[in-house]
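Participant: coordinates for the following, if possible.
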Amino acid sequence: MRVVVDLTRCQGYAQCAFLAPDMFRMRGSEALLYDPQPDDTQRDRVLGAAAACPVQAILVDQLGASENTAMAPLLTQTQPPRAPQPSRPARSGPADAEAEAFRRTGHVVIVGASLAGLRAASVLRREGFTGALTIIGDEPHRPYDRPPLSKQVLDGWIPPDHTALPRRDELDARWLLGVPATGLDLAGRQVRLGDGSTVGYDRLLIATGTRARPWFNEAEAALDGVFVLRSLEDSVELQQRLASRPRRVLVIGGGFTGSEVASVCRERDLPVTVVERAQAPLVGALGGVIGEIAADLQRANGVDLRCGTTVTELEGDGDGRLRRAHLSDGTTVDADVAVVALGAVRNTEWLAGSGLASGAWGVGCDAGCRAFDANGVTTDDVFVAGDVARFPHPLYDYEFLALEHWGNAVTQAEIAAHNMISSPTGRWPHLATPVFWSTQFGTNIKTVGVPTFADQIVVAQGSVADGRFVAVYGHAGRITAAVGFNQAKWLDFYRSLIEGAAPFPPEFRAVDQPADRQPVPAQMPDRKTRDLQATVVVTGHDPSERRADLIHH
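Facilitator: Predicted structure coming up:
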């Protein structure tokens, strides 16, 4: 059996951990870990836990809805329920007839055998698409869930093969695994593959996601003991090395992945040093105020945290094994293992020269997931979803966002799949409010909204000293995001405030409200200036001739 817990919905009530403690575990008061592939002898307990979940976040043997099972809460519930819509006339007209014909006879190709790719494929079939479906993936594995790689798999609780996502074989799809896409011919509607073959399509979904950013020095990156953490293989190799009990682990980067790796190391009672260039961990995502709280959390759990500095060199011994790191402040750290956690690189290189608006920033698309071409014009047969997509969000001044969130991959894939097989009047916008979670040091950190859009923050509920609180972010007089430390049950309330443009500072009275609710600067880092990896050249003089070309470096 396969289990998926939608942790964007989970609120830490722990009913599952009471009813099926061998499959569901709570770290601290709210941080849930679970086995995605429990033994079939545990089915009754797992089903009982799923039925008892107050927010219906547990899915069994499915990734999405099924009309033939009682266990059918939708992953789309990561979005608030839609308000009733006015009734629409039955489909009629050429566009609707074309959409109906495509549902029966079209060919959809999905590049990316990922969470987003699998979710899109499931929704296509659920919504009546009976045409040909091809799914291309550069990894040899069936689609698997990545969040457990830095948690349950890394700490050795579950084996790596327990992370596979459910329901691959019932999609009636052609699977091309272990072969990367290397190019795209928009005019010919062809995807070029690494083995020299091509795959034609009528509609294409790009869901190629991201990969770990490698260490900048290739020779140093090749040292025995230097790891990144993104793929199943990465997690397996790192887990095995941690099991051998290295004398010290060095984590380069204090973002969410680096912090989660450090947490696992301390749970294994391994010495760990985290080097972060900002003044505190998580600053890039949550700002300096919350970053200082995260820093205190790490130090309280025994992490040797070095902030405001960087690693300048990884030194090996005569046998090519890592032995030491040199830091920009002149100090050194002796370590057998280094985990490079410097963020992600979007997988867009294969699209260079395709004519799409793609680059280091991702693949540009509209709120309906339709890709932009290099001129900024939307396409009707190429769609984008997941970590690789860059889309405008109305809640954030239509700023283009690229979100590496589990919940965003799921909901955006559903929107893309629906729109691929719908007429123009039946398409949906992707307006879900982003939700993200992290489990580290026994603490459940969960955010709703986009914290980096804000300039102020205030603790609205709970106590920072007690490690249980909700902090609210604001910009231009309205609430734009919230973060909870072991307070997940309140996040739906704050999501409604964000979507309703509620005023900031908050004016409501709340449970467990602190006496001092004065906003302070959120201490967000300056907006990054991206490395120049592509140049746009505009040619032509007459409006009918004006064209933009991307020149990649």
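
Participant: from now on I want contacts and neighbour counts done on CA atoms only, so please keep to that.
Facilitator: Fine.

Participant: pLDDT below threshold where in the stretch 401-550 of the chain?
Facilitator: Across the stretch 401-550 of the chain, residues meeting the criterion (pLDDT under 70) sit at 527-534.

Participant: what do you get if the cut-off is 90, keeping everything else the same?
Facilitator: 507-512, 514-517, 526-550 (pLDDT under 90).

Participant: that one: helices as residue ranges?
Facilitator: 406-420, 491-499 (DSSP state H, counting those that start in this stretch).

Participant: ditto for the chain
Facilitator: 15-19, 43-52, 94-105, 115-126, 218-221, 232-243, 256-267, 283-300, 406-420, 491-499 (DSSP state H).

Participant: please save the CA atoms from the shortest one in CSV.
Facilitator: Right, the one you point to is helix 218-221. Output in CSV follows, covering the C-alpha atoms of helix 218-221 (Å, rounded to 0.1, in the frame of the first residue of the first chain):
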residue,chain,number,x,y,z
GLU,A,218,34.5,20.5,-9.8
ALA,A,219,37.7,19.0,-8.4
GLU,A,220,36.6,19.7,-4.8
ALA,A,221,33.1,18.5,-5.5
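
Participant: list the buried residues of that helix.
Facilitator: 220-221 (16 or more other CA atoms under 10 Å).

Participant: what of the longest one?
Facilitator: Neighbour counts using 16+ other CA under 10 Å place 283-295, 297-298 of helix 283-300 among the buried residues.

Participant: quick one on the thing from earlier: distance to Y34 added to the helices of the chain, as TSV?
Facilitator: Below are those laid out as TSV (distance: least, CA to CA, whole Å):
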stretch	distance to Y34
helix 15-19	9
helix 43-52	11
helix 94-105	37
helix 115-126	18
helix 218-221	32
helix 232-243	17
helix 256-267	15
helix 283-300	23
helix 406-420	16
helix 491-499	22
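
Participant: out of those, flag the one nearest E315.
Facilitator: Of all those, helix 218-221 sits nearest to E315, with 7.2 Å by CA to CA.

Participant: who's in contact with the closest one?
Facilitator: For helix 218-221, contacts defined as CA atoms under 8 Å, 6 or more residues apart in numbering pick out 214-215, 226-227, 313-316.

Participant: now swap in stretch 136-143 and tell me
Facilitator: By CA under 8 Å, 6+ apart, the surrounding residues in contact with stretch 136-143 are 109-115, 118, 164-165, 168, 175-181.

Participant: residues near D138, how many?
Facilitator: If you count neighbours by other CA atoms under 10 Å, D138 ends up with 18.

Participant: ugh, typo on my part, it should be R546
Facilitator: Using other CA under 10 Å, R546 has 11 neighbouring residues.

Participant: what is the neighbour count of the closest residue to it other than its chain neighbours?
Facilitator: Excluding the flanking residues, the one nearest R546 by CA to CA, 6 or more residues apart in numbering is G540, at 4.5 Å. Neighbours of G540 under the rule other CA under 10 Å: 10.

Participant: residues in contact with W215?
Facilitator: 221, 340.

Participant: if we go to 6 Å?
Facilitator: A221 (CA atoms under 6 Å, 6 or more residues apart in numbering).

Participant: now swap in F469 and tell me
Facilitator: F469 makes contacts with 461-463, 484-485, as judged by CA under 6 Å, 6+ apart.

Participant: chain neighbours aside, what residue packs nearest to it?
Facilitator: Using CA to CA, 6+ apart, the closest residue to F469 is G462 (4.1 Å).

Participant: now do that neighbour against A510, distance only.
Facilitator: Distance of G462 to A510, given as CA to CA, to the nearest Å: 10 Å.

Participant: the two: which is more packed in?
Facilitator: The residue with more neighbours, out of G462 and A510, is G462; 21 against 11, by other CA under 10 Å.

Participant: might one say that the more buried one is in contact with D512?
Facilitator: Yes - the criterion here is CA atoms under 6 Å, and G462 meets it with D512 at 5.3 Å.
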